[in-house]
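Q: heads up, no residue letters with this:
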């Protein structure tokens, strides 16, 4: 049996009070040692079963990272949860994990409903389960958006690892939902219990938030950026992006440009103003980010004739090969709490495939990440465009007729 004939490894299995569930992240990678759940998920599931919390009403789960909570809860009698997530790849994992869920009909857990953080939330919530996000702003936004659907009998429980739950986290629940307390820690996880107080006046939702850009970043000097909650550097321009904006290619003449991992869209908007006739694709796996990019672009586009598209997805997946002239990328180097280069590697590989021969990938990153080695492995070349004590900007050119080198290695 050769390597391509070998069966796919079995998905890791989570034992829950409502049966076992096979769970993977997305995209599934047998080399990935990170599980699709953690102790915070299992602690919450255990509590729900032992406390006898009724799950046959309107159950809403917010921030279920890879679908572990949703897939488990669909095994409870009468439970058809609504799952709200900001992450496209998290939702894809959830869809796959729900589809493989064992049910009496063998049809998978088809009762769950998937929404994004940009969708209209449910009108009524009987049980609200919150996987505490890394971003306090995203938690604030979601609690504000969901509060009108709560009633006096709504059960509200948050869950997270101890390092993810701070006094500021509890203060948000207390201010927006009602009196809040925490559980004892178990396997470095903790639960948050909040009792709805309908007499509270939590104030208005401060998101989305806008701010003015500094005067030293070229065509965007003094312009406005719009950030929805949870998007990187919501209060001010981060230093890596500022450095990137100061060294972007000028009047490249590219017909199609991609802002890959667009965040709030400042990089793509800068390219749009520099190349007004170019078609710009803004893409990110975060619904909040793409909404921010669309708002930032609309705020600054003026009367430029070029087209702009905004896409939530897995990087450049689905973009035709050899269809892009320029890709601009500030890749993340972490997934939730895990530091990894897997996302950057995937973005670089996708960019290589999407670029036309002669097309360029421009990347900004911390010096210590060694992106130049990855780019040389994929493209066969890497040029240093600019550097400072913390960041480097690199350019890689798609060679005529080349194929990605070592695309299966990291």
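A: Thanks, I have it. As the structure is a prediction and not an experimental result, all values here were calculated from the model. Numbers count the residues shown, from 1 in each chain.
Q: hmm, who's touching stretch 34-41?
A: Identification of contacts with stretch 34-41 by Cβ atoms under 8 Å, 6 or more residues apart in numbering yields 12, 14, 23-25, 65-69, 72, 93, 97, 131-132, 159-161, 164, 186-190, 335, 338, 340. From N, CA and C alone the C-beta is placed, and that goes for glycine too.
Q: name the element residue 346 belongs to?
A: Assigned by DSSP states H and E, residue 346 belongs to helix 342-354.
Q: elements contacting that helix?
A: strand 256-260, strand 324-329, strand 355-366, helix 371-379 (3 or more Cβ pairs under 8 Å, 6 or more residues apart in numbering; DSSP states H and E).
Q: wait, which of those is closest to residue 136?
A: strand 355-366 (23.7 Å; Cβ to Cβ).
Q: give the buried residues for that closest one.
A: By neighbour count with 16 or more other Cβ atoms under 10 Å, strand 355-366 contains the buried residues 355, 356, 359, 360, 361, 362, 363, 364, 365.
Q: tell me what angle the helix holding residue 346 forms with helix 371-379.
A: Put simply, helix 342-354 runs at 40 degrees to helix 371-379, going by axes from the mean of the first three to the mean of the last three Cα atoms, to 10 degrees.
Q: between helix 342-354 and strand 324-329, how many degrees?
A: Using the same axes, to 10 degrees: helix 342-354 against strand 324-329 is 170 degrees.
Q: distance from helix 342-354 to the middle of the chain?
A: From the chain centre to the centre of helix 342-354 is a distance of 16 Å (Cα atoms, centre = their mean, to the nearest Å).
Q: what of stretch 365-374?
A: With Cα atoms, centre = their mean, you get 22 Å for stretch 365-374.
Q: run through the bridge partners of residue 386.
A: Beta bridges link residue 386 to residue 393, judged by DSSP bridges.
Q: okay, angle between the helix holding residue 346 and strand 256-260 too, please.
A: Using the same axes, to 10 degrees: helix 342-354 against strand 256-260 is 170 degrees.
Q: for the record, mean pLDDT for helix 342-354?
A: Across helix 342-354, pLDDT averages out at 94.
Q: which residues sit against it?
A: Contacts for helix 342-354 (Cβ under 8 Å, 6+ apart): 27, 29, 32, 258, 260-261, 315-317, 319-324, 327, 329, 331-333, 335, 361, 363, 365, 369, 371, 374-375, 378-379, 396, 398, 404, 407, 410.
Q: let's go with 6 Å and repeat that
A: Counting contacts by Cβ atoms under 6 Å, 6 or more residues apart in numbering, the residues outside helix 342-354 that touch it are 260, 315-316, 319, 321, 324, 327, 329, 331-332, 361, 374, 378, 404, 407, 410.
Q: now swap in stretch 119-131 and tell me
A: Residues outside stretch 119-131 that contact it (Cβ under 6 Å, 6+ apart) are 57-64, 82, 145-146, 149-150, 154-159.
Q: buried ones in that stretch?
A: 121, 122, 125, 126, 127, 128, 129, 130, 131.
Q: quick one: which two of these are the most distant?
A: 126 and 131 (18.1 Å).
Q: drop anything exposed from the contacts of stretch 34-41.
A: Buried among those by 16+ other Cβ under 10 Å: 14, 23-25, 65-69, 72, 93, 97, 131-132, 159-161, 164, 189-190, 335.
Q: just the ones in helices from the residues you listed, please.
A: 68, 69, 72, 93, 97 (DSSP state H).
Q: can you redo those residues as a markdown table with pLDDT?
A: Formatted as a markdown table, these follow (pLDDT from 0 to 100):
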| residue | pLDDT |
| --- | --- |
| 68 | 97 |
| 69 | 97 |
| 72 | 96 |
| 93 | 96 |
| 97 | 94 |
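Q: what's the most distant pair in the residues you listed?
A: 72 and 93 (13.8 Å).
Q: distance from stretch 80-88 to the middle of the chain?
A: On Cα atoms, centre = their mean, the centre of stretch 80-88 falls 12 Å from the chain's centre.
Q: so how far is residue 142 from residue 193?
A: 17 Å (Cβ to Cβ, to the nearest Å).
Q: before we move on, what about residue 262?
A: 22 Å.
Q: which one of these two is surrounded by more residues?
A: Legend: neighbour count by other Cβ atoms under 10 Å for residue 262 and residue 142, higher for residue 262 (30 against 26).
Q: ranges for the helices of the stretch 151-300 of the chain?
A: Per DSSP state H, counting those that start in this stretch, the stretch 151-300 of the chain carries helices over the ranges 167-176, 239-245, 266-274, 287-300.
Q: so which elements touch the first one?
A: Applying 3 or more Cβ pairs under 6 Å, 6 or more residues apart in numbering; DSSP states H and E, we find helix 167-176 packed against helix 136-146, strand 180-182.
Q: quick one: buried residues of it?
A: Buried-residue list, helix 167-176, by 16+ other Cβ under 10 Å: 169, 170, 172, 173, 174, 176.
Q: in TSV: those residues, plus pLDDT and distance to residue 117.
A: TSV is the format used below for the buried residues of helix 167-176 (pLDDT from 0 to 100; distance: Cβ to Cβ, whole Å):
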residue	pLDDT	distance to residue 117
169	98	18
170	98	22
172	98	16
173	98	18
174	98	22
176	98	16
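Q: and which of these is nearest to residue 212?
A: Out of those, the member with the shortest distance to residue 212 (by Cβ to Cβ) is residue 172, at 26.7 Å.
Q: tell me the contacts of that closest one?
A: 139, 140.
Q: measure it to residue 115 for me?
A: 21 Å.
Q: same question for residue 45.
A: The gap separating residue 45 from residue 115 is 21 Å, by Cβ to Cβ.
Q: the two: who's more crowded?
A: residue 45 (24 against 17).
Q: tell me the phi and psi of that one?
A: phi -60, psi -40 (degrees, to the nearest 10).
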